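Engineer: need a 3D model of the following:
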Amino acid sequence: MKNRLHWTRDTTFHEDKSQLRTGAAPRNMAAFRNLTLNTFRLAGRASIAHARRDLHDRTDVFAVHGI
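Structural biologist: Predicted coordinates for the structure are as follows:
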């Protein structure tokens with residue numbers, strides 16, 4: 001499970017290329033990325049990459065949350 005989650009975060013958000021290395025920043029960004037992935041999954045999105053492209057227009061983000 002951990003490898004699958006890391007692979008998804010890396011391919012979707014390029015986590016391994018991140019330059020955040022100090023303090024709590026890497027852990028906090030990982031938490032935000034996990035929140036994003038879980039939100040997409042709870043919204044019924046099968047493809048995380050496709051969901052990111054769909055929600056690039058910020059007005060649709062609220063629809064995912066039912067707002």
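Engineer: so where's the protein shaky on pLDDT?
Structural biologist: 1-6, 55-67 (pLDDT under 70).
Engineer: what's the spacing between the strand or helix carrying A49 and its chain's center?
Structural biologist: Using DSSP states H and E, the element containing A49 is helix 48-54. Mean-position distance between helix 48-54 and its chain equals 10 Å (CA atoms, centre = their mean, to the nearest Å).
Engineer: got a list of contacts for it?
Structural biologist: Contacts to helix 48-54, defined as CB atoms under 8 Å, 6 or more residues apart in numbering, come from residues 8, 11-12, 37, 40-41, 43, 45, 60. Placement of C-beta: from N, CA and C, glycine included.
Engineer: what's the spacing between A25 and S18?
Structural biologist: With distances taken as CB to CB, to the nearest Å, A25 is found 9 Å from S18.
Engineer: roughly how far is the longest helix anywhere in the chain from the heart of the chain?
Structural biologist: Using DSSP state H to define each element, the chain has its longest helix at helix 25-42. Chain-centre distance of helix 25-42: 5 Å, with CA atoms, centre = their mean.
Engineer: counting contacts, what elements does it pack onto?
Structural biologist: Here helix 25-42 is seen to pack against helix 2-13, helix 48-54 when contacts are counted using 3 or more CB pairs under 8 Å, 6 or more residues apart in numbering; DSSP states H and E.
Engineer: let's have these in JSON lines, adding distance to R33 and mean neighbour count.
Structural biologist: Output for the helices and strands packed on helix 25-42, formatted as JSON lines (distance: least, CB to CB, whole Å; neighbours: other CB atoms under 10 Å):
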{"stretch": "helix 2-13", "distance to R33": "5", "mean neighbour count": "13"}
{"stretch": "helix 48-54", "distance to R33": "10", "mean neighbour count": "14"}
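Engineer: still on that earlier bit, farthest pair in the contacts of helix 48-54?
Structural biologist: Distances among these were taken as CB to CB; the most separated pair is T11 and D60, at 22.1 Å.
Engineer: list the buried residues for stretch 13-28?
Structural biologist: Neighbour counts using 16 or more other CB atoms under 10 Å place 13, 15 of stretch 13-28 among the buried residues.
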